[in-house]
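Here's my sequence, what's the structure:
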Amino acid sequence: MRRVLITGVSGVGKSTVIAALGARGHRVVDTDYGGYCSPAPDAEPPRPTAEPGWVWHEARMRRLLDTAEGRALFVSGCVPNQGRFYADFDRVVLLSAAPEVVRRRLLGREGNDYGKASGELEQALRDQAAVEPLLRAGATLEIDTDAPLADVVDRLIAHAFG
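Numbering: from 1, shown residues only. A predicted model of the protein is given here:
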């Protein structure tokens, strides 16, 4: 059974890609939802939706990864403590996009307001410059999400099962 982490900074398309994988019948978990993130690794999540700066609730992530049987599992997220779980994944795929693409996406997306409040867009772009090189160092593949969605998903699936 394959376990694949899909990571990248805000605005690169993690949620769009994970939804497309789900639509193709793959087992998917977006850790921004469902209580997988909390303010501290061992703190009960105060709400089911993640906030900027939160980390994975380590016991919940361990249960998710330990009970993943059968079909492949695609997990999306980008949190400070994700490196503690890299050994549990067969592949780590970094989604990336040019800063101008990230800017456009954050300002235009619906359903997630992060990047629209005063200072958030600038912070997101600073995070991209600082965090993306760290994510790149641990990735088994990087995909530029400025490509058509179907091409991004096809490359990801090929890498997951290759």
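
going forward, measure contacts between C-alpha atoms and count neighbours the same way
Fine.

which residues of this structure fall in helices?
All helices of the chain, identified by DSSP state H, fall at 14-23, 58-66, 99-108, 120-138, 149-161.

Nearest to A72, out of those?
The minimum distance between A72 and these falls on helix 149-161, with 8.6 Å, by CA to CA.

Now that T31 has come up, it's in contact with C37, right?
Yes. Assessed by CA atoms under 8 Å, T31 is found in contact with C37 at 6.7 Å.

any shared contact partners between those two?
Counting by CA atoms under 8 Å, 6 or more residues apart in numbering, the contacts common to T31 and C37 are 50, 56.

So between these two, which is more surrounded?
C37 (31 against 22; other CA atoms under 10 Å).

Now do the same contact list for the closest residue in space to the more buried one that isn't next to it in sequence.
Sequence neighbours aside, W56 is the residue nearest to C37 in space, at 4.3 Å (criterion: CA to CA, 6 or more residues apart in numbering). Residues near W56 by CA under 8 Å, 6+ apart: 31, 36-38, 40-41, 79, 81-82.

Just put these in JSON lines and tack on pLDDT and distance to L106.
Formatted as JSON lines, the contacts of W56 follow (pLDDT from 0 to 100; distance: CA to CA, whole Å):
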{"residue": "T31", "pLDDT": "97", "distance to L106": "19"}
{"residue": "Y36", "pLDDT": "97", "distance to L106": "23"}
{"residue": "C37", "pLDDT": "97", "distance to L106": "21"}
{"residue": "S38", "pLDDT": "97", "distance to L106": "23"}
{"residue": "A40", "pLDDT": "97", "distance to L106": "26"}
{"residue": "P41", "pLDDT": "97", "distance to L106": "27"}
{"residue": "V79", "pLDDT": "97", "distance to L106": "18"}
{"residue": "N81", "pLDDT": "97", "distance to L106": "24"}
{"residue": "Q82", "pLDDT": "97", "distance to L106": "23"}
